[in-house]
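*Asks:* Sequence first, predicted coordinates after that:
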Amino acid sequence: ARHQKASVYTAMSHIMLAVNPYQRLDIYGSAQIAKSRQAVLDNDASNHPHVYVTACHAFTNLRGYKQNQSVIVSGESGSGKTENAKRLMQCLTHLTQSTGNEKLATQILNANPILEAFGNAK
């Protein structure tokens, strides 16, 4: 049922599950990042599961606690790990640019080829 409604994300505490819908969905972009960011700021993220919410949590905690943050993306072959990692990077880049930190945004974007290499490793 969730798959048919394009509800590919489910959140449980600090764990987010994603199901690969094997199709393009119109659930990404700047508007969704803004909604995800607001959900995190309103402490209402559990009602809005999305990969962007995970990125917004990491970004908010990084800035608030001034400590490194980690996001683990795990799954079987074809489960959508690379796509979700790209979406995480997209959101982090957007959030970083919104603070005016272009240097950090560039560093995040430069990490993408490294992630791609891991995603395509045999």
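*Replies:* Yep, that arrived.
*Asks:* only C-alpha atoms for contact and neighbour calcs from this point on.
*Replies:* Noted.
*Asks:* and the residue nearest to R37 when sequence neighbours are not counted, how many neighbours does it have?
*Replies:* What sits nearest to R37 in space, not counting adjacent residues and going by C-alpha to C-alpha, 6 or more residues apart in numbering, is C56, at 5.6 Å. Other residues near C56 come to 25 when the count uses other C-alpha atoms under 10 Å.
*Asks:* show me the contacts for C56.
*Replies:* With contact set as C-alpha atoms under 8 Å, 6 or more residues apart in numbering, C56 has these partners: 36-37, 40, 91-92, 95.
*Asks:* Centre-most residue in the protein?
*Replies:* Residue closest to the average C-alpha location in the chain (C-alpha atoms, centre = their mean): L88, at 2.9 Å.
*Asks:* helix/strand/coil for it?
*Replies:* When classified by DSSP: H, G, I helix; E, B strand; the rest coil, L88 comes out as helix.
*Asks:* hang on, it packs against A55?
*Replies:* Yes. Using C-alpha atoms under 8 Å, L88 is in contact with A55, at 5.5 Å.
*Asks:* Most neighbours among the contacts of C56, which one?
*Replies:* C91 (27 neighbours).
*Asks:* Tell me how far that residue lies from S77.
*Replies:* For C91, the distance to S77 equals 23 Å [C-alpha to C-alpha, to the nearest Å].
*Asks:* And S70, by the same measure?
*Replies:* Here the criterion is C-alpha to C-alpha. By it, S70 lies 22 Å from S77.
*Asks:* same question, A34
*Replies:* For A34, the distance to S77 (C-alpha to C-alpha) stands at 30 Å.
*Asks:* and what of Y22?
*Replies:* Distance from Y22 to S77, counting by C-alpha to C-alpha: 13 Å.
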